[in-house]
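K.L.:
Structure, please.
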Amino acid sequence: MRIKQFLVVLLVVPFSYTLASEPIFLKNRVIHPQTYKKEMLSVFRVLDPIQKKTVMVQFESPISEALKQKLALNGLRSLAYIPDNTLILSLNKTNLMWLLNNIKVSWIEPYLLIDKVSKNFEKVSVFDEDETLNVSIRFFNDSGKNELIRYLNNKNQYIAASFQKFLIAKIEKKYLYSIAAIDGVEWLEPYVNPQFLSLTLSADEIAKKSVGQADYSKLTGLESGSAALGAEGLYTKGIHGRYQVIGVLDTGVSTGHLESVHWDIRGRVLKGYAEGFLSFSWSDPMGHGTHVAGSIMGDGKVSEGKIHGVATASYLVAQSMSGIMGFMFPPEDLYTIFQNTYADGARLHSNSWGMPTGGGQYENYSADVDRFSWDHPDYLILFAAGNSGVDANVDGVIDTGSVLAPSVAKNSLSIGASENKVSEGGIQATWGDLKKEEKPWSVFPIAADHVSDNLNGVAAFSSRGPTADGRIKPDVVAPGTNILSIRSSHPDAQLLWGAYDDYYLWSGGTSMATPLAAGSCALVRQYYSTVKGLEFISAALVKATVMNGAYDMYPGQFGFIPQKEIPTLRPNMQEGWGRIDLSSIEKPFFYEDQLEGVSVGQVKEYSFDIGSSSEPLRPCE
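P.N.:
Numbering: from 1, shown residues only. This next block holds a predicted model:
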């Protein structure tokens, strides 16, 4: 294959003022600019000659580095970006006059209360204004943060946690809009506690407890879920995740002591952090985090190799968010959580939890994920898509629009759950047999489907996209039903989907799919390091490799019936780009880790000679 590579630079020449412009996409509304002069008068009325206020400015040209530098040299620093071509700036009348005389803009409007307060808040009335709300408040900068904290303290409102870019507080409803009126405040939304995303079942639904050590010779090798990912070819090349470090924020790991964690991971847990509320231990009183760790990097020592994770030679940095009385709450902003593991050598981070904000909304934790990813381009963050998949309209198809934050983050790898193939152990039932009181999966064909009988099926509970702003999530899927992994030895640890023996137990959920995906990413990173000789491996390259190499499960396990499980070829809202398939790396492919990026007005072109039209060409960026 001959590859010609060249760079084309397009010079963008400013054009004249227009009466209409591109829409401006805010969370609560879409602005369709119509006239330039009308909004100019509005802005002049609210601006002071000296005192600055936040204003939205849409430029006629795309936002370039040159434009931002020109603004900064004249005392105008961008507070935030809004699509399309819009910046939030802090302006007074003097700044505005300079802006209009020197740069072509197509729309200017004050940053209003309607643009700052989430629609998920109920309306405030005189009858309930003294009730309290848990809120997450995002601010533009330190100045806005200090102004906000002064206001909350003056009103005797409780600040639960203060982070780099937002804080969490308990406020009286009557102060909601006065907080939004603070010029340095960017956004207010309800705060909800994170949830771990193993699917919770009732006591009579989970597998009965067994004791002692089981007979592992009866296992098929599919039980851990790793066999469905096509990694055997990489294993034969010696790719087992060596030298790869993965951070995990979860319920902890096993005993919380490096020397006494489960044998399958002992010696490869580098460090543990107690991140939970008033917690001093990273032990695992729930069992969830230990199961996750085993799926990433368990080597199957106890089971003689029958029950193992994906990256069996990788290393782990454990972070526990288990607090006192079972309170799950990250004590620091996610940026700091990620930074700690980055300093410990991690370049992947696995998260089997989410925020049930509803409708795939992009919230403050999602913004932290994207901010850290931008600042650390070799660090890939994975999040479970959620277990909110239901058939509420009882049409036999799982509803769309249920993906959770922070998996909606633009630079994260969002993981949905496909079915594993296990016919003994765990939960041997149909979806219709489970959660009968709630009836989330009550009609054909979902109700009759076994939870783990088809690798090409999407788990009924797996959250579907799109995000609230229309993007495709999840990105990929991995097995997430009847997954067998290591068991926490903490005396209070739960049984999840049932114990296999004293050393292993079953579970299911996008919580279980996500660590399998994280282990897969560790193998991909080692492949580029060991086989391709790359020293710097970007998160974008790992993400693109996993997504582009995934197996398209269309039309899903029910075939071409009216209630098709997956309605279109990939990408789609059910499987994203498909089920992870690491065997695709063994096929010929071209890659370039484009570290410098392509700036506004630039084009980069590649030419290929395709040897055979019978082989599919899959471009992915």
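K.L.:
drop to CA atoms for contacts and neighbour counts, all remaining ones
P.N.:
Fine.
K.L.:
and the residue nearest in space to the middle of the chain, what does it touch?
P.N.:
Centre of the chain computed as the mean C-alpha position; nearest residue by Cα atoms, centre = their mean is Ser407, 2.2 Å away. Residues counted as contacts of Ser407 (Cα atoms under 8 Å, 6 or more residues apart in numbering) are 354, 366, 382-385, 413-415, 473-474.
K.L.:
Now, those residues that are in helices?
P.N.:
Under the assignment DSSP state H, the contacts of Ser407 contribute Ser366 to helices.
K.L.:
mind putting the contacts of Ser407 in JSON lines, neighbour count and distance to Ser489 included?
P.N.:
Supplementary listing: the contacts of Ser407 in JSON lines, determined by neighbours: other Cα atoms under 10 Å; distance: Cα to Cα, whole Å:
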{"residue": "Gly354", "neighbour count": "25", "distance to Ser489": "25"}
{"residue": "Ser366", "neighbour count": "21", "distance to Ser489": "33"}
{"residue": "Leu382", "neighbour count": "27", "distance to Ser489": "26"}
{"residue": "Phe383", "neighbour count": "31", "distance to Ser489": "26"}
{"residue": "Ala384", "neighbour count": "36", "distance to Ser489": "25"}
{"residue": "Ala385", "neighbour count": "39", "distance to Ser489": "28"}
{"residue": "Leu413", "neighbour count": "30", "distance to Ser489": "30"}
{"residue": "Ser414", "neighbour count": "30", "distance to Ser489": "30"}
{"residue": "Ile415", "neighbour count": "38", "distance to Ser489": "28"}
{"residue": "Lys473", "neighbour count": "32", "distance to Ser489": "35"}
{"residue": "Pro474", "neighbour count": "34", "distance to Ser489": "33"}
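K.L.:
and after the helix ranked longest in the chain, which helix or strand comes next?
P.N.:
Counting residues, the longest helix found in the chain (DSSP H) is helix 510-530. Next helix or strand after helix 510-530 toward the C-terminus (DSSP states H and E): helix 539-548.
K.L.:
Can I get that following helix in PDB, CA atoms only?
P.N.:
Listed next in PDB are the C-alpha coordinates belonging to helix 539-548 (Å, rounded to 0.1, in the frame of the first residue of the first chain):
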ATOM      1  CA  ALA A 539      -6.000   8.300  24.400                       C
ATOM      2  CA  ALA A 540      -7.500   9.200  21.000                       C
ATOM      3  CA  LEU A 541      -5.500   6.500  19.300                       C
ATOM      4  CA  VAL A 542      -6.500   3.900  21.800                       C
ATOM      5  CA  LYS A 543     -10.100   4.900  21.600                       C
ATOM      6  CA  ALA A 544     -10.200   5.000  17.800                       C
ATOM      7  CA  THR A 545      -8.500   1.500  17.600                       C
ATOM      8  CA  VAL A 546     -11.100   0.000  20.000                       C
ATOM      9  CA  MET A 547     -14.100   1.600  18.300                       C
ATOM     10  CA  ASN A 548     -13.000   1.100  14.700                       C
END
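K.L.:
just checking, what packs against it?
P.N.:
Counting contacts by 3 or more Cα pairs under 8 Å, 6 or more residues apart in numbering; DSSP states H and E, helix 539-548 packs against strand 380-384, helix 510-530.
K.L.:
Give me the contacts around it.
P.N.:
For helix 539-548, contacts defined as Cα under 8 Å, 6+ apart pick out 377-380, 413, 475-476, 521, 524-525, 577-578, 580-582, 585, 592-593, 618-621.
K.L.:
and with 6 Å instead?
P.N.:
Outside of helix 539-548, the residues within contact range by Cα atoms under 6 Å, 6 or more residues apart in numbering are 377-380, 577, 593.
K.L.:
And the strands in the stretch 201-350 of the chain?
P.N.:
Ranges of strands in the stretch 201-350 of the chain, per DSSP state E, counting those that start in this stretch, are 245-250, 269-274, 315-320, 348-351.
K.L.:
Next up, the contacts around Asn482.
P.N.:
Applying Cα under 6 Å, 6+ apart to Asn482 gives the contacts 426, 506-508.
K.L.:
Look up how far Trp506 lies from it.
P.N.:
Taking Cα to Cα, to the nearest Å as the measure, Asn482 falls 6 Å from Trp506.
K.L.:
can you list residues touching both of these two?
P.N.:
Counting by Cα under 6 Å, 6+ apart, the contacts common to Asn482 and Trp506 are Gly426.
K.L.:
re the thing from before, for the strands of the stretch 201-350 of the chain, state which one has the densest average packing.
P.N.:
Per residue and on average, the most neighbours among the strands of the stretch 201-350 of the chain fall to strand 245-250, with a mean of 29 (mean count of other Cα atoms under 10 Å).
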